[in-house]
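**Q** build the 3D model from these lines:
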Amino acid sequence: MIEAVIFDLDGTLVNIPINYEALYKKIIEVAEIDKIEGLTKTLQKLNSKQRIEAFKVWMDEELKALPQMTVNKEGVKLYKAYSNKPLVLVTMQSRRATIKIMKKLNLKFRYIITREDSLDRAQQIKIAIKKLHKEPGKVLIIGDRESDAAAAREIGCQFQRVQNENMV
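**A** Predicted structure coming up:
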């Protein structure tokens, strides 16, 4: 029995058309690194000053992309279907951009876990489960990526994949 639901944001509920090529170039410049080898993995390796600068650059690119954001109908349909359960949002987006999205779409979550809390999806889910006081096996993770599914498996949660409408 599902007692709580944890949603991913980008790709699952919305699609945010961030210009990742521009973002990577700016992060390479401000962090003074040679290349990006997976955005979150790279950011985890930076010192705190570099990470703060990279987070600022990333948030600026997110905020620039928000006016072109689209809604993933399948994800929002599941949000409505599970609205009677405790809901948590996990995302690699910034808290500021996430709050703007929640207000724009009138979505409400008991807790919102962002990259400022952790750059690791499994850790984000663990934080959410701890806040919910639920057993992992009674929590459903809804996401669009294999990394979401892998994190759910690692922790022992149920998983449901949403088709990312931009990937069709």
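**Q** check which residues of the lowest-mean-pLDDT helix or strand in the chain are buried.
**A** Within the chain, confidence by mean pLDDT, DSSP states H and E is lowest for helix 39-45 among all helices and strands, at a mean of 91. For helix 39-45, the neighbour count (16 or more other CB atoms under 10 Å) marks 39, 42-43 as buried. From N, CA and C alone the C-beta is placed, and that goes for glycine too.
**Q** could you list every helix and strand in contact with that helix?
**A** helix 20-31, helix 48-65 (3 or more CB pairs under 8 Å, 6 or more residues apart in numbering; DSSP states H and E).
**Q** and the angle from the first one to helix 48-65?
**A** Taking axes from the mean of the first three to the mean of the last three CA atoms, to 10 degrees, one finds helix 20-31 and helix 48-65 inclined to each other by 150 degrees.
**Q** can I get helix 20-31 in CSV? Just the C-alpha atoms.
**A** Extracted as CSV, the C-alpha positions of helix 20-31 are listed here (Å, rounded to 0.1, in the frame of the first residue of the first chain):
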residue,chain,number,x,y,z
TYR,A,20,22.8,23.3,-21.0
GLU,A,21,25.5,24.2,-23.5
ALA,A,22,25.6,27.8,-22.2
LEU,A,23,25.3,26.6,-18.6
TYR,A,24,28.3,24.2,-18.9
LYS,A,25,30.4,26.9,-20.5
LYS,A,26,29.6,29.4,-17.7
ILE,A,27,30.2,26.8,-14.9
ILE,A,28,33.6,25.8,-16.5
GLU,A,29,34.5,29.5,-16.4
VAL,A,30,33.3,30.4,-12.9
ALA,A,31,34.5,27.2,-11.3
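**Q** for it, what is the average pLDDT?
**A** For helix 20-31, mean pLDDT is 94.
**Q** ditto for the last one
**A** Averaging the model's pLDDT scores along helix 48-65 yields 94.
**Q** what's in contact with the least confident helix or strand of the chain?
**A** Contacts to helix 39-45, defined as CB atoms under 8 Å, 6 or more residues apart in numbering, come from residues 20, 23-24, 27, 31, 33, 36, 51, 54-55, 58, 92, 115, 119-120.
**Q** so how far is D144 from the nearest residue to R110 once chain neighbours are set aside?
**A** Distances taken as CB to CB, 6 or more residues apart in numbering put P86 closest to R110, at 5.1 Å, once the chain neighbours are dropped. When CB to CB, to the nearest Å is the yardstick, P86 and D144 sit 21 Å from each other.
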